[in-house]
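Enquirer: Kindly generate the corresponding structure for this input.
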Amino acid sequence: MPSISRDEVAHLARLARLAVTDDELDLFAGQLDVILQSVATVGDIATADIPPTSHAVPLTNVFREDAVRPSLGQQQALAGAPAAEDGRFRVPRILGEEA
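Expert: Now for the predicted structure:
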């Protein structure tokens, strides 16, 4: 006997605004029953001596240390630019807005 009835499936279908036929109610009731039994099986397997985890393997921080390092100065960065103006890269206008 399924643990979910046709009426419950019909109610869920109405909540989800799904149009289902009588045949689909029977089909979905059987499918949902299999899903609920599978979830119950997983719940039975979990034991109190197994700590909850968020990942199957331990994770370590993969970020490098945030340290100040030498970098390009403004003039060095602009030296390779095709066009520069007022200490900034000059690029073509793309939105057609007034400056």
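Enquirer: now the worst-scoring helix or strand of the chain on mean pLDDT, how far from the centre of its chain.
Expert: Here the helix or strand of the chain ranked lowest by mean pLDDT, DSSP states H and E is helix 22-45, holding a mean of 89. Here the centre of helix 22-45 is set off from its chain's centre by 26 Å, with C-alpha atoms, centre = their mean, to the nearest Å.
Enquirer: Using PDB, write out the CA atom coordinates for the following helix or strand past it.
Expert: Downstream of helix 22-45, the next assigned helix or strand under DSSP states H and E is helix 74-79. This file holds the C-alpha atoms of helix 74-79, laid out as PDB (Å, rounded to 0.1, in the frame of the first residue of the first chain):
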ATOM      1  CA  GLN A  74      50.500  54.500 -13.100                       C
ATOM      2  CA  GLN A  75      52.900  55.600 -15.800                       C
ATOM      3  CA  GLN A  76      54.200  52.100 -16.300                       C
ATOM      4  CA  ALA A  77      50.600  50.800 -16.700                       C
ATOM      5  CA  LEU A  78      49.700  53.500 -19.100                       C
ATOM      6  CA  ALA A  79      52.900  53.200 -21.200                       C
END
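Enquirer: other SSEs contacting whichever helix or strand comes after helix 74-79?
Expert: Where DSSP H and E defines the elements, the next helix or strand beyond helix 74-79 is strand 84-85. If you count contacts as 3 or more C-beta pairs under 8 Å, 6 or more residues apart in numbering; DSSP states H and E, strand 84-85 packs onto no helix or strand. Bear in mind the C-beta positions are built from the backbone N, C-alpha and C, glycine included.
Enquirer: who does whatever helix or strand comes next after strand 84-85 pair up with?
Expert: Beyond strand 84-85 in the direction of the C-terminus, DSSP H and E gives the next helix or strand as strand 88-89. Counting by DSSP bridges, the strands paired with strand 88-89 are strand 84-85 (antiparallel).
Enquirer: Thank you, goodbye.
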